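Colleague: here is my input; please provide its structure:
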Amino acid sequence: MTSLSALDQQAASSAYRKISWRLLPFLLLCYILAFLDRINIGFAQQHMQQDLHLSDVAYGIGAGIFFLGYVLFELPSNLLLTRIGMRKTVSRIMVLWGLTSVSMMFVSGERSFYVLRVLLGIFEAGFAPAMFYYCTQWFPKRRLGGALAVLGLTGPIAGIVGAPLSSALIIHMDGVLSLAGWRWLFLVEGLPSVLVGIVAWFVIVDEPTKARWLTDAERKAVVSTLLEDQQHTAAHTRLGALLKDYRLYLLVVGYFCFIAGIYLPHYWLPKLIGQAGFSGMRVGWLAAIPSAFMLITIIPFARHSDRLSERRWHTALPMAASALLLAFVTYVMAGFIELPFALFYAVLTAAIVSMYLAYVVFWSIPRELFVTGPMAAGGIALINSIGLCGGFISPIVVGYLRDATGSMTMPFLLFTATIAVGALAFALVRPSRDT
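Modeller: Below you'll find the predicted structure:
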């Protein structure tokens with residue numbers, strides 16, 4: 001095993017300062033736009049359902065069917081990534097999904113709603129794991145948690161900006177040019193993805209050796225750092241070996257449970273707030289509160305994980321805490337005790353934030369366990385694509401249970417149990433020993 005000289009370490013530190021400022025902010029912008037285009041139907045929900053006469057089940061199918069297209073095309077998309085590079089992949093994905101998101105303004109009924117949501121999933125397929133894979137090609141594992149934490153700011157920023165922006169568009173643009181406000185929402189929030197996708201062609205660099213803004217010494221130091229890092233990781237270079245590792249399936253189960261739970265507030269929180277008696281911009285501001293708390297907790301939490309070089313419990317424990325908090329929320333919703341809305345919403349916010357903290361650290365686990373080299377893109381995509389089936393099932397189940405019971409109590413009870421199972425799966429993932 002080799003170690004970097006003091007000079008190489010100095011060059012590596014300089015290089016990673018440049019990499020962090022050159023790449024991470026732009027990747028974060030891309031990811032925010034992706035997240036916003038994925039979840040903005042949560043804010044359009046009430047008005048869309050009224051205008052198009054959609055039931056909760058129909059809405060749930062439309063929300064979840066996005067993941068069907070995503071899952072079916074994710075693995076091919078990420079295997080293509082290793083051939084054509086990140087620059088072409090991001091540009092292709094963002095332009096196509098942006099145009100599809102804009103097209104949502106023309107939805108006229110269930111059929112067109114379903115078709116466009118499937119297309120949105122197909123065109124966005126592979127984007128998230130491509131981002132995580134790309135970070136593994138630039139950052140060693142001791143820096144990876146911090147880099148992924150920056151991308152983890154996606155949800156909070158999208159929530160803080162998207163919630164009030166979406167509410168404002170629906171309210172203030174309603175009737176302009178004879179278009180409903182929710183149609184303007186899709187137009188205004190979809191176009192930036194197309195423009196940023198074009199810019200990505202000129203900004204993204206496929207790999208460190210092609211980064212002209214790094215000096216020769218810095219490029220060499222980065223490559224040496226990554227090579228040294230791989231010596232400590234038990235890599236699977238064949239798909240068969242990867243599929244025999246039981247930890248892969250624990251990660252899939254845990255991620256499935258996580259995704260099934262985390263999209264519950266994204267798709268249904270605005271409606272839940274509305275049913276509590278709030279309307280207009282108040283819905284947007286209240287929906288942004290969990291995101292604001294995520295924003296101030298994610299980076300310190302990820303740095304703590306990096307400092308301890310520990311991932312498993314930084315994922316499992318927040319998931320377990322979220323399950324306990326959601327159990328209390330469900331108990332209140334069932335009417336067993338009464339709480340002021342402010343206190344109820346504070347507990348719900350803590351549950352959402354805890355769940356998201358687990359997500360921030362989660363994607364460091366595959367990198368440290370077994371996924372490196374040529375199997376990285378495919379392995380990450382495999383975990384993500386199967387796990388995302390939770391995003392397909394969750395909104396449909398919620399819509400069905402809401403139509404059947406008329407409340408959100410049963411959906412919250414079901415997904416409290418789901419998140420608890422996910423926490424257990426993550427707790428059972430044993431770390432690899434250095435070699």
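Colleague: buried residues, the host helix or strand of Pro76. List them.
Modeller: Assigned by DSSP states H and E, Pro76 belongs to helix 56-84. Within helix 56-84, the residues scored as buried using 16 or more other C-beta atoms under 10 Å are 56-71, 73-75, 77-78, 80-82. Using the backbone N, CA and C atoms, a C-beta is placed for each residue, glycine as well.
Colleague: can you give me the helices for the stretch 201-350 of the chain?
Modeller: Shown for the stretch 201-350 of the chain, the helices assigned by DSSP state H, counting those that start in this stretch span residues 216-230, 239-243, 246-275, 281-308, 312-333, 341-362.
Colleague: list the buried residues of stretch 274-291.
Modeller: Buried residues in stretch 274-291 (16+ other C-beta under 10 Å): 274, 278, 283-291.
Colleague: circling back to that earlier point, which one of the helices of the stretch 201-350 of the chain lies closest to Gln50?
Modeller: Judged by C-beta to C-beta, the one of the helices of the stretch 201-350 of the chain that comes nearest to Gln50 is helix 246-275, at 11.9 Å.
Colleague: hey, least reliable of the helices of the stretch 201-350 of the chain by pLDDT?
Modeller: Ranked by mean pLDDT, those bottom out at helix 239-243, with a mean of 65.
Colleague: any chance you could list what contacts stretch 391-410?
Modeller: By C-beta atoms under 8 Å, 6 or more residues apart in numbering, the surrounding residues in contact with stretch 391-410 are 55-68, 70-71, 259-261, 263-264, 267-268, 272, 330, 333-334, 411, 414-415.
Colleague: what average pLDDT does it get?
Modeller: Mean predicted lDDT for stretch 391-410 stands at 85.
Colleague: nearest residue to Phe258 in space, ignoring adjacent ones along the chain?
Modeller: If the residues on either side of it in the chain are set aside, Phe258 comes closest to Gly422, at 5.0 Å by C-beta to C-beta, 6 or more residues apart in numbering.
Colleague: ok, Phe127 next?
Modeller: Nearest to Phe127 is Ile93, by C-beta to C-beta, 6+ apart, at 5.1 Å.
Colleague: roughly how far apart are that neighbour and Gly399?
Modeller: 28 Å (C-beta to C-beta, to the nearest Å).
Colleague: got it, and Phe336?
Modeller: According to C-beta to C-beta, Phe336 and Gly399 sit 25 Å apart.
Colleague: those two - which one has more neighbours?
Modeller: Taking other C-beta atoms under 10 Å, Phe336 and Gly399 do not tie; Gly399 has more neighbours (24 against 8).
Colleague: and that one, what element?
Modeller: helix 389-405.
Colleague: export only the CA atoms of that helix, formatted as CSV.
Modeller: Only the C-alpha atoms of helix 389-405 are listed here, as CSV (Å, rounded to 0.1, in the frame of the first residue of the first chain):
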residue,chain,number,x,y,z
CYS,A,389,-40.3,0.7,-6.5
GLY,A,390,-41.3,2.0,-3.0
GLY,A,391,-41.9,5.4,-4.7
PHE,A,392,-44.2,3.7,-7.2
ILE,A,393,-46.2,1.7,-4.6
SER,A,394,-46.4,4.3,-1.9
PRO,A,395,-48.6,7.0,-3.6
ILE,A,396,-51.0,4.4,-5.0
VAL,A,397,-51.5,2.8,-1.6
VAL,A,398,-52.0,6.2,0.1
GLY,A,399,-54.6,7.2,-2.5
TYR,A,400,-56.4,3.9,-2.1
LEU,A,401,-56.4,4.1,1.7
ARG,A,402,-57.5,7.8,1.6
ASP,A,403,-60.4,7.0,-0.7
ALA,A,404,-61.4,4.0,1.5
THR,A,405,-61.1,5.6,4.9
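Colleague: fine by me, thanks again.
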